[in-house]
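Novice: Next one to model:
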Amino acid sequence: MLLLLLLLSACSLEASDVDVERDRALSWSKTVEMIANEWGRGSIPTHYAEHASSSASDALHEILTQTRHEVAGNAEAARQLDPIAVLSGAADSFADAVARGDREAAVSAAKEVQSREARLRSLQ
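Specialist: Numbering: from 1, shown residues only. The predicted model follows:
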């Protein structure tokens, strides 16, 4: 009985960890959205947008790596990370476009980030 309670506790902790990391990922996706809006309007310089978008991309990779490690062995919890991985890839595309100074590609990538954010939010 004690073993069953410990296993159930571990599963809920892992699910809770995924929820916390999902919230962090959503926060970083909003950061990308803000950068896209401000850089697109010319309100912030390219070097700032490049640094901020790279930081957002790095943070999403860190969230994904850390959470994968935390839920290792729990296939269901690991599957819940798939939308974060896709969001991370879209943020990478945005950061790459900003680094190239390609505003058109950045707008497209930002729309993809927004789409992936909406998908991730729908899973809450």
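Novice: tell me the contacts of the residue nearest the centre of the chain?
Specialist: The chain has Ala25 as the residue nearest its centroid, 3.6 Å off, counting by C-alpha atoms, centre = their mean. Contacts of Ala25 were listed using C-beta atoms under 8 Å, 6 or more residues apart in numbering, and they are 60, 63-64, 84, 87-88, 120. C-betas here are computed from N, CA, C, even on glycine.
Novice: again, but for Val98
Specialist: Val98 neighbours (C-beta under 8 Å, 6+ apart): 35, 39, 46, 49-50, 53, 106.
Novice: Kindly export stretch 60-69 (C-alpha atoms) in CSV.
Specialist: Coordinates of the C-alpha atoms in stretch 60-69 are reproduced here as CSV (Å, rounded to 0.1, in the frame of the first residue of the first chain):
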residue,chain,number,x,y,z
LEU,A,60,12.8,27.3,-23.8
HIS,A,61,15.6,24.8,-24.6
GLU,A,62,16.5,24.8,-20.9
ILE,A,63,12.9,24.2,-19.8
LEU,A,64,12.6,21.3,-22.2
THR,A,65,15.9,19.7,-21.2
GLN,A,66,15.3,20.1,-17.5
THR,A,67,11.8,18.8,-17.7
ARG,A,68,12.7,15.8,-19.8
HIS,A,69,15.2,14.9,-17.2
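Novice: What are the buried residues along the helix or strand Ile84 falls within?
Specialist: Assigned by DSSP states H and E, Ile84 belongs to helix 82-100. The neighbour-count check on helix 82-100 (16 or more other C-beta atoms under 10 Å) flags 83-84, 86-98 as buried.
Novice: For this structure, which residues score under the pLDDT cut-off?
Specialist: 1-16, 124 (pLDDT under 70).
Novice: related to what we said a few turns ago, immediately after the helix holding Ile84, which helix or strand?
Specialist: Next element after helix 82-100 (DSSP H and E): helix 103-122.
Novice: which other residues reach that following helix?
Specialist: Helix 103-122 has contacts (C-beta under 8 Å, 6+ apart) with 22, 25-26, 29-30, 32-33, 36, 39-40, 83-84, 86-87, 90-91, 93-94, 96-98.
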